[in-house]
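S.K.: Pasting a predicted model and its sequence here:
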Amino acid sequence: MSTKLINNADDFGYSNAINYGIIDSHKYGILTSTTIMAGMPGFEHAVELAKKNPGLGIGVHCTLTCGKPVLNSHKTLVDEFGYFKKLSFYENIETSVDDEEVYLEWKAQIEKVIQAGIKPTHLDSHHHIHTFKNNTKIIIRLAKEYGLPVRNSYQNPDVYRKEGVRCNDILLDPWKRNEEKIKKSSDITKSIVSEVKEELDRQGIEYNTPEQGIMIETPAAVMISDELAKEVDFFSIGTNDLTQYTLAIDRQNTKLEAFYDAHHPAVLKMIEMTIANAHKAGIWAGICGELGADTQLTKEFLAMGVDELSVSPAKILPVRKVILETDVEAYRRRKQE
């Protein structure tokens, strides 16, 4: 049995900007698949782009924690304003919702995608919400109804396979923190890459070998970044999630905005530690997310030794100006005085 590498991007339909990013990654990069959000503002735009790019596989990104539902009859899934409840609601062990509402909403999302002229390739969910509580049974029910595989996320594939639902994921267990498990996960990834190269060689197709890195987005990943660095070519530090997980504050909760501080010393120390561990292992580290374009921190990041800052086009010139005007060694000396 051959192994097929599928590069999937979530959140197609979230916004026009994300839609364009996904399409560009498909046309000019290695993206082969995406999952569309039927209830988000960019859905119609995503459908238009999908029709112009028939080679892009498109699944349904079943949603319960972002935006508004497709149906307007729910009692347990939405807040007082008609928006889906946040992920934190489902993370509470005492939370309960009407399972039939979940089923009907996800079915409506799938149907909306089909009616738009898209034949879904698979199912998964935003924030992996299909792995929460009874939602797994619901996604399995829908997968069987529509004859679709499920991207497994954080569960054992056997949960699905014993129900006759296809699940092609190779699970890289994120909870094991020992070096042996990290090495095993890395070997699985490298094995897949090797198989893809062999297939391309057999077909006489020329290719380049991209660097293989990982996102550092949680304090746990930061704390074992010295071990992770042995297995990859680079780190990309996702500062949005790293900030909220470090401070234990949901960045989408407006009631907590006063406490959300992306410049918090704890966050900066997490970033500095990650960069240091990357360099010790001889790999490079970049910063993405909102902090990458925050010119108030550009000098700090340069002093930490960051190798790359990922910013939006509008922020390139302001960030570049700070970089060109900064004497990094002098700045480091002033910090030590």
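M.R.: Sure thing, it's come through.
S.K.: going forward, measure contacts and count neighbours with C-alpha atoms only.
M.R.: Noted.
S.K.: Show me where the protein has its helices.
M.R.: Here the chain has its helices, by DSSP state H, at 16-28, 43-52, 87-91, 99-115, 135-146, 158-161, 179-202, 219-223, 225-228, 239-247, 265-280, 298-304, 316-325, 328-336.
S.K.: in the last one, what's buried?
M.R.: By 16 or more other C-alpha atoms under 10 Å, the buried positions in helix 328-336 come out as V328.
S.K.: now the second one
M.R.: Residues of helix 43-52 classed as buried under the neighbour-count rule (16+ other C-alpha under 10 Å) are 43-47, 49-50.
S.K.: Switch the helices of the chain over to CSV; also include mean pLDDT and distance to H122.
M.R.: Listed next are the helices of the chain as CSV, based on pLDDT from 0 to 100; distance: least, C-alpha to C-alpha, whole Å:
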stretch, mean pLDDT, distance to H122
helix 16-28, 94, 17
helix 43-52, 97, 15
helix 87-91, 84, 22
helix 99-115, 97, 10
helix 135-146, 94, 8
helix 158-161, 82, 13
helix 179-202, 80, 21
helix 219-223, 92, 29
helix 225-228, 91, 30
helix 239-247, 91, 26
helix 265-280, 95, 35
helix 298-304, 94, 40
helix 316-325, 94, 37
helix 328-336, 88, 49
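S.K.: Which one of these lies nearest to A258?
M.R.: Of all the helices of the chain, helix 239-247 sits nearest to A258, with 12.3 Å by C-alpha to C-alpha.
S.K.: Hey, what's the angle from the closest one to helix 265-280? Just curious.
M.R.: Interaxial angle, helix 239-247 versus helix 265-280 (axes from the mean of the first three to the mean of the last three C-alpha atoms, to 10 degrees): 120 degrees.
S.K.: Just the CA trace of helix 239-247, in PDB.
M.R.: Taking C-alpha atoms only, helix 239-247 is exported to PDB below (Å, rounded to 0.1, in the frame of the first residue of the first chain):
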ATOM      1  CA  THR A 239       3.000  34.400  18.800                       C
ATOM      2  CA  ASN A 240      -0.800  34.800  18.800                       C
ATOM      3  CA  ASP A 241      -1.400  31.400  20.300                       C
ATOM      4  CA  LEU A 242       1.800  31.400  22.400                       C
ATOM      5  CA  THR A 243       0.600  34.600  24.000                       C
ATOM      6  CA  GLN A 244      -2.800  33.400  24.900                       C
ATOM      7  CA  TYR A 245      -1.600  30.000  26.200                       C
ATOM      8  CA  THR A 246       1.200  31.600  28.200                       C
ATOM      9  CA  LEU A 247      -1.100  34.100  29.800                       C
END
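S.K.: who does that helix touch, helix- and strand-wise?
M.R.: helix 219-223, helix 265-280 (3 or more C-alpha pairs under 8 Å, 6 or more residues apart in numbering; DSSP states H and E).
S.K.: Relative to G13, which of the buried residues of helix 43-52 is nearest.
M.R.: The closest of the buried residues of helix 43-52 to G13 turns out to be F43 (C-alpha to C-alpha; 4.1 Å).
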